[in-house]
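Asker: Give the three-dimensional model of this entry:
(one chain, ligands or ions: 1)
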Amino acid sequence: MYILPQLSVKCLDYDQIGHKRLAIETSNHCKGECWWCVVPRSNSPSHPIDDLMEKLDRFSGSFDSIHFMDNDLGGSPNRFFALCEQLANSPLKSMPKLGKMRVDSVSPKLIDAAVEAGFKIISLGVESFNQGILDFLSKGIFSIQIRGVLDTLLLNRIKPGINLIMFSPPETIGSLSQTLDMALKYAQLGAYLNIAERLYVSLITPRQVLERFQHITHFETIYFPGMLCPLDLPEFLIVEDADTRHVQELALARRKELEIGLLTNLDETSLSIPIRSLLLCGAISEVLGEKDLTRLTSEIVTTTLEKEKRGQIL
Ligand code: SF4
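Answerer: This is a model prediction of the structure:
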């Protein structure tokens with residue numbers, strides 16, 4: 001188990017509970033095969049649960065929440081059940097906890113165990129509600145499966161954190177609208193959104209991926225005096241459909257305006273990831289001429305801002 005650097009938290013984010021969070025990682029690998037992701041694929045050593053509990057007991061005193069930062073905390077179900085059982089029978093039961101995991105690692109039994117152990121947020125790599133996009137991203141999950149998991153988490157009063165990637169290369173206005181509708185539906189029910197506005201790549205993206213998508217990669221060129229030649233750094237993959245790309249450009253510009261509007265009443269550090277994600281949804285809705293969704297987004301933004309002001313995320 002690793003105790004991760006503790007961040008100074010000014011505003012509540014999509015995957016944060018409380019302001020003094022004990023961030024720990026029990027394993028950094030993931031069984032997923034998403035070709036664009038850079039997490040380690042192989043098994044890292046597992047620490048005995050007793051050892052982990054002993055460390056949690058020792059370190060948790062001055063914190064108000066426990067954040068398991070593993071990419072797929074439920075990836076080894078038996079280990080997760082053993083952890084939950086010990087947490088449920090310890091004084092740490094009442095301390096709010098957060099875990100991240102793959103959608104297909106979540107089962108009703110796992111949710112029951114998580115409830116008993118005091119988990120309040122489970123964030124998930126949903127990426128899209130459109131099956132074509134999920135397949136392109138090699139997520140290995142089905143859209144209907146995602147909705148089932150989100151519904152069951154909400155029913156059990158665990159807040160889902162929904163991580164999304166909008167505007168990946170095959171995004172169309174149809175797939176975008178589908179994801180927008182579902183994201184706002186779940187945000188209205190209490191889920192948190194964390195939306196990336198493009199599929200990012202970088203120098204640590206696997207080489208075969210950079211080669212395969214070189215023709216649609218946006219590069220940032222950097223040059224400092226003294227360098228032999230400018231350096232092209234891969235930044236993100238470009239949306240292939242021209243109309244959707246246009247929507248993306250307009251929506252990102254509109255989000256900027258909405259942010260500036262909000263910042264007249266807020267300082268920059270209080271613009272949390274869920275709020276920025278909701279503003280993107282609002283901006284896309286406006287560009288698509290979806291008046292009902294624009295109104296709905298604005299209502300959710302207001303509610304979320306009020307909750308964040310009260311320090312209330314759950
Ligand atoms: S499921 Fe998430 S962490 Fe795992 S490989 Fe895919 S994107 Fe990466």
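
Asker: Any residues of the stretch 1-150 of the chain in contact with the ligand? List them.
Answerer: Residues of the stretch 1-150 of the chain lying near the ligand by Cβ under 6 Å from any ligand atom: 30, 32, 34, 37, 39, 71-72, 102, 125. All C-beta spots, glycine's among them, are computed from the backbone N, C-alpha and C.

Asker: Name only those of the residues you listed that count as buried.
Answerer: Among these, those classed as buried by 16 or more other Cβ atoms under 10 Å are 30, 32, 37, 71-72, 102, 125.

Asker: could I get those residues as CSV with distance to Asp57 and secondary structure?
Answerer: Formatted as CSV, those follow (distance: Cβ to Cβ, whole Å; DSSP: H, G, I helix; E, B strand; the rest coil):
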residue, distance to Asp57, secondary structure
Cys30, 28, coil
Gly32, 32, coil
Cys37, 33, coil
Asn71, 25, coil
Asp72, 25, coil
Arg102, 29, coil
Gly125, 30, strand
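
Asker: Could you report the distance from Leu293 to the ligand?
Answerer: Separation of Leu293 from the ligand (Cβ to the nearest ligand atom, to the nearest Å) stands at 27 Å.

Asker: and that residue, what element?
Answerer: Per DSSP states H and E: Leu293 is located in helix 291-309.

Asker: Give me the buried stretch members for that helix, please.
Answerer: Buried residues in helix 291-309, defined by neighbour count with 16+ other Cβ under 10 Å: 293-294, 296-297, 300-301, 304-305, 308.

Asker: Could you find the lowest-pLDDT member of these?
Answerer: For those, the weakest pLDDT value sits at Glu308, with 75.

Asker: Quickly note the distance from it to Ile284.
Answerer: Separation of Glu308 from Ile284 (Cβ to Cβ, to the nearest Å) stands at 22 Å.

Asker: quick revisit: closest one of the buried residues of helix 291-309 to Tyr200?
Answerer: The closest of the buried residues of helix 291-309 to Tyr200 turns out to be Thr297 (Cβ to Cβ; 23.7 Å).

Asker: Please tell me how far the residue nearest to Leu266 when sequence neighbours are not counted sits from Arg21.
Answerer: Nearest residue to Leu266, sequence neighbours excluded (Cβ to Cβ, 6 or more residues apart in numbering): Leu305, at 7.9 Å. Going from Leu305 to Arg21 by Cβ to Cβ gives 21 Å.

Asker: Likewise for Ser272?
Answerer: Separation of Ser272 from Arg21 (Cβ to Cβ) stands at 14 Å.

Asker: right, and the residue nearest to Leu266 touches Arg276 too?
Answerer: No: Leu305 is beyond contact range of Arg276, at 11.9 Å (criterion: Cβ atoms under 8 Å).

Asker: Find me the pLDDT at Ala114, would you?
Answerer: For Ala114, the model assigns a pLDDT of 98.

Asker: list the buried ones in whichever strand or helix holds it?
Answerer: Assigned by DSSP H and E, Ala114 belongs to helix 108-117. For helix 108-117, the neighbour count (16+ other Cβ under 10 Å) marks 110-111, 113-115, 117 as buried.
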